[in-house]
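> let's see this in three dimensions:
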Amino acid sequence: MTPIMENYLQNKEKLLNTPVQYLKGIGEKRAQALEKIGINTFSDMIQYYPRRYLDRSNITPIKNLKVDEQATVVGKVQTCGIKKGARQRFILLLTDETGFLSCVWFHQVQYWQKRFKPGQLLAVSGKVGYFGGKQIIHPDFDLLSEESEDLTDDFLHTGAIIPIYSSTESLSLVGLDSRGFRRIIKNLIKNHTDSFEETLPQSIVSRNKILPFPIALKNIHFPENFQMMQQAQQRLKFEELFLLQFMLALRKQKIHQQQSGIVFSDVGDRTKLLAKELPFELTEAQKKVLKEIRSDMKSTQPMYRLIQGDVGSGKTIVALVTMLIAIENGYQATLMAPTEILAEQHFLTFRGLLADMDVNIQLLVGAQKKSIRDSVTGQIESGECNIVIGTHAIIQQNIKFQNLGLVVIDEQHRFGVSQRAELFEKGENPDVLVMTATPIPRTLSLTVYGDLDVSIIDELPSGRKPVITTWRYSNKRPDIYKFVKSKVDEGSQVYIVFPLIEESAKLDLQAATESYDKIREGIFANNKIALLHGRMKSEEKEAVMDSFKKNETQILVSTTVIEVGVDVPNATIMLIENAERFGLTQLHQLRGRVGRGSEQSYCILIGKYPLTEEALTRLNTMAKTTDGFKIAEVDLELRGPGEFFGTKQHGLPELKIANPLKDSSLLIQARNEAFRVVESAQQKNEIIEMVERNSFFQNYKDKIEMMQIG
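Residues are numbered from 1 along each chain as shown. As a prediction, this is how the structure comes out:
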């Protein structure tokens with residue numbers, strides 16, 4: 001043992017923080033490979049949980065082996081050696097009291113020649129074949145000790161429930177496939193069991209009937225049986241979900257403890273005028289949500305509410321009514337959007353709806369000229385500006401509001417907790433309204449938005465027909481264009497959207513521009529066509545969109561700058577090129593740009609042959625349903641919760657084993673426990689101290705304080 005390792009072993013806390021390169025069987029090269037997947041310490045390694053298991057726990061006598069079935073056999077090496085011929089191979093003859101089994105290796109025959117010798121006790125696992133007798137090709141194996149009274153300690157790759165770990169090409173190259181991980185983790189558990197102490201208060205362990213942490217940790221990697229494996233999974237999932245919900249409970253408690261929220265008592269003439277002059281009737285769902293918001297705004301506690309609604313459900317108008325109420329009570333309001341394009345679209349929409357009212361509305365984005373930016377920031381600080389629409393630029397340190405009373409955050413899932421908190425800090429406990437057009441199943445909303453009160457707009461405006469959606473391979477483009485042409489000649493307007501991905505933005509923009517030129521020269525030569533993309537100047541984009549809204553342009557060729565916020569009721573066709581390159585949620589957002597009038601609308605997806613299995617799933621899902629919640633569930637299955645939400649953006653720790661979608665009942669149990677614990681100051685502090693001192697919770701230490709901000 002090295003002096004460095006001896007030093008780490010002197011206390012348990014140091015051991016858990018030991019850099020992986022000093023652990024037995026790793027070294028510098030393997031440590032570098034492990035670092036790429038987030039494994040840096042002993043604690044990280046021991047929390048690298050198996051992704052699945054193989055059942056090799058049942059040992060089968062050779063005479064009972066069946067061809068084409070997986071089996072585990074224990075026997076002695078009778079003979080072994082290299083057999084030459086057209087294909088050189090190493091053959092080992094294994095025998096037990098019931099018969100003989102051949103084990104064959106076609107690679108590294110010289111290595112296997114040195115590895116085995118007659119008389120060894122061996123366990124082998126694999127698929128049974130038949131070639132002049134029963135055989136297993138390239139079996140997994142364990143060398144067993146005849147002297148051991150209990151052979152279970154010898155089973156690492158066979159004769160037990162075997163853990164399978166995720167690996168990568170770079171990990172496999174340094175010997176860290178599943179076999180390598182099993183060896184290293186088995187050694188850590190065997191030699192350092194005493195270092196694993198209970199990580200939750202005993203009262204929580206007992207009340208929720210979960211395994212003690214040390215037993216769970218051992219059985220998650222090397223289960224005694226399937227029942228213990230399942231109990232270990234339940235314990236570790238519960239712990240992750242409990243800590244996640246505990247942080248959200250802390251944040252919600254912090255919000256509700258702030259009794260100095262603004263009371264917005266009045267609804268003034270401008271709000272009433274907007275409601276009267278809207279060119280449409282608010283849906284019952286919108287009215288219900290506005291009633292919930294109004295109740296929050298009259299309260300002495302700050303509002304902290306999420307509006308969740310599908311594309312086209314009318315979240316934006318609800319946000320505008322809320323902002324008008326704020327300014328009519330003498331306060332400023334701001335809306336933060338994730339992109340400049342979306343911020344600009346909101347600005348244009350709001351400016352149009354408020355054109356006849358005495359409301360100073362300003363746009364604040366990073367790309368503005370310094371003179372314009374200075375003018376806007378001056379108006380914000382003086383209080384002259386009533387409503388500010390912008391991007392992350394709003395939360396910069398030099399932006400000062402005179403009396404910010406309401407914060408609205410659009411597309412909330414694209415912002416983090418810390419950014420939400422920074423905007424909150426711009427006022428004195430302002431009300432906060434966050435919006436998302438990404439439908440989220442309830443259990444997942446409890447995970448990411450567990451600190452918010454939730455309102456759902458689950459109704460589309462009356463008279464709208466479901467968008468007919470279909471997909472075709474690119475060889476059908478001429479037929480598709482003929483259909484589109486017929487609809488344009490009948491008076492419809494069309495979006496033709498091309499992908500624009502950050503990694504290939506230059507090539508994508510070139511492709512979109514070239515396609516625009518071809519479209520103008522082909523079947524649509526006599527139609528009015530315009531091009532819209534993100535690199536155009538704001539005034540250019542505004543002119544293009546204004547022309548399209550006025551029906552002066554029939555076909556808008558665009559990158560995804562029209563993804564959210566555009567409302568042109570006469571646009572009835574959404575044609576998406578290279579649809580396989582878009583995510584499912586993004587496709588659903590784009591489809592939401594049509595179907596906003598009374599005419600039948602269409603969404604046509606063009607894919608490039610051949611499509612991957614995942615791309616086929618996405619396109620088929622779009623064709624089958626317009627239900628945003630169903631689409632979100634498929635998207636979650638394809639991408640997983642972490643990627644779906646961008647967990648790191650939310651300031652939440654990565655989940656190592658729990659899946660809120662699949663473990664919904666456990667999530668509710670953990671949430672109830674977490675919110676119960678937070679009510680007791682003693683228990684709350686006990687958990688916080690526990691997280692602070694335990695290296696297994698490194699993921700959570702820097703999150704606790706963040707969750708208690710404002």
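> check which helices and strands whichever helix in the chain runs longest sits against.
Assignment by DSSP state H gives helix 226-257 as the longest helix of the chain. In terms of contacts (3 or more Cβ pairs under 8 Å, 6 or more residues apart in numbering; DSSP states H and E), helix 226-257 is packed against helix 213-221, helix 442-448, helix 664-678, helix 681-693, helix 698-707. No exception for glycine: its C-beta is placed from N, CA and C like everyone else's.
> past that helix, which element shows up next along the chain?
Moving toward the C-terminus from helix 226-257, the next helix or strand (DSSP states H and E) is helix 269-277.
> flag every buried residue along that following helix.
270, 271, 274 (16 or more other Cβ atoms under 10 Å).
> can you redo the helices and strands packed on helix 226-257 as JSON lines with distance to residue 331, mean pLDDT and mean neighbour count?
Output for the helices and strands packed on helix 226-257, formatted as JSON lines (distance: least, Cβ to Cβ, whole Å; pLDDT from 0 to 100; neighbours: other Cβ atoms under 10 Å):
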{"stretch": "helix 213-221", "distance to residue 331": "49", "mean pLDDT": "93", "mean neighbour count": "21"}
{"stretch": "helix 442-448", "distance to residue 331": "28", "mean pLDDT": "69", "mean neighbour count": "21"}
{"stretch": "helix 664-678", "distance to residue 331": "31", "mean pLDDT": "90", "mean neighbour count": "19"}
{"stretch": "helix 681-693", "distance to residue 331": "33", "mean pLDDT": "83", "mean neighbour count": "14"}
{"stretch": "helix 698-707", "distance to residue 331": "26", "mean pLDDT": "55", "mean neighbour count": "17"}
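> which one of the ones you listed lies closest to residue 567?
helix 442-448 (25.9 Å; Cβ to Cβ).
> in this structure residue 357 contacts residue 272, no?
No: Residue 357 is beyond contact range of residue 272, at 11.0 Å (criterion: Cβ atoms under 8 Å).
> contacting residues for the residue nearest to residue 231 when sequence neighbours are not counted?
Counting by Cβ to Cβ, 6 or more residues apart in numbering, residue 211 is the residue found nearest to residue 231 once chain neighbours are left out, at 5.1 Å. Listed by Cβ atoms under 8 Å, 6 or more residues apart in numbering, the contact partners of residue 211 are 219, 228, 231, 232, 234, 235.
> residue contacts, the third one?
Which is residue 231. 210, 211, 216, 219.
> verify the stated contact: the last one with residue 228.
Yes: proximity of residue 219 to residue 228 meets the contact threshold set by Cβ under 8 Å, at 4.4 Å.
> tell me the buried residues in the strand ranked longest in the chain?
For the chain, the strand with the greatest residue count under DSSP state E is strand 70-83. Within strand 70-83, the residues that count as buried by 16+ other Cβ under 10 Å are 71, 72, 73, 74, 75, 77, 80.
> which elements pack onto that strand?
strand 89-96, strand 99-105, helix 109-115, strand 121-130.
> that one vs strand 89-96, what angle?
130 degrees (axes from the mean of the first three to the mean of the last three Cα atoms, to 10 degrees).
> residue 351 is nearest to which of the helices and strands packed on helix 226-257?
Per Cβ to Cβ, nearest to residue 351 of the helices and strands packed on helix 226-257: helix 442-448, 31.9 Å.
> output the next helix or strand after that closest one as CSV - backbone C-alpha positions only.
Remark: after helix 442-448, the chain's next helix or strand is strand 453-457, criterion DSSP H and E. What follows is strand 453-457, C-alpha atoms only, in CSV (Å, rounded to 0.1, in the frame of the first residue of the first chain):
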residue,chain,number,x,y,z
ASP,A,453,-47.6,26.5,-7.3
VAL,A,454,-48.8,25.1,-10.6
SER,A,455,-51.5,26.4,-13.0
ILE,A,456,-52.4,24.5,-16.1
ILE,A,457,-54.0,25.9,-19.2
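> what's strand 453-457 in contact with?
Contact with strand 453-457 is made by 283, 285-286, 288-289, 292-293, 296, 303-310, 313-315, 318, 445, as judged by Cβ under 8 Å, 6+ apart.
> rewinding a little: just give me the closest of the contacts of residue 211 to residue 452.
For those, the nearest to residue 452 is residue 234 (27.7 Å; Cβ to Cβ).
> quick one, grab the pLDDT at that closest one.
Looking at residue 234, its pLDDT stands at 96.
> check the gap between the residue nearest to it when sequence neighbours are not counted and residue 272 for me.
Nearest non-adjacent residue to residue 234, counting by Cβ to Cβ, 6+ apart: residue 210, 6.4 Å away. From residue 210 over to residue 272 the distance is 55 Å, taken as Cβ to Cβ, to the nearest Å.
> about what we covered before: which one of the buried residues of strand 70-83 is nearest residue 665?
Of all the buried residues of strand 70-83, residue 665 sits closest to residue 72, with 34.2 Å by Cβ to Cβ.
> give the residue spans of the stretch 301-450 of the chain that score low on pLDDT.
412-418, 420, 439, 441-443, 448 (pLDDT under 70).
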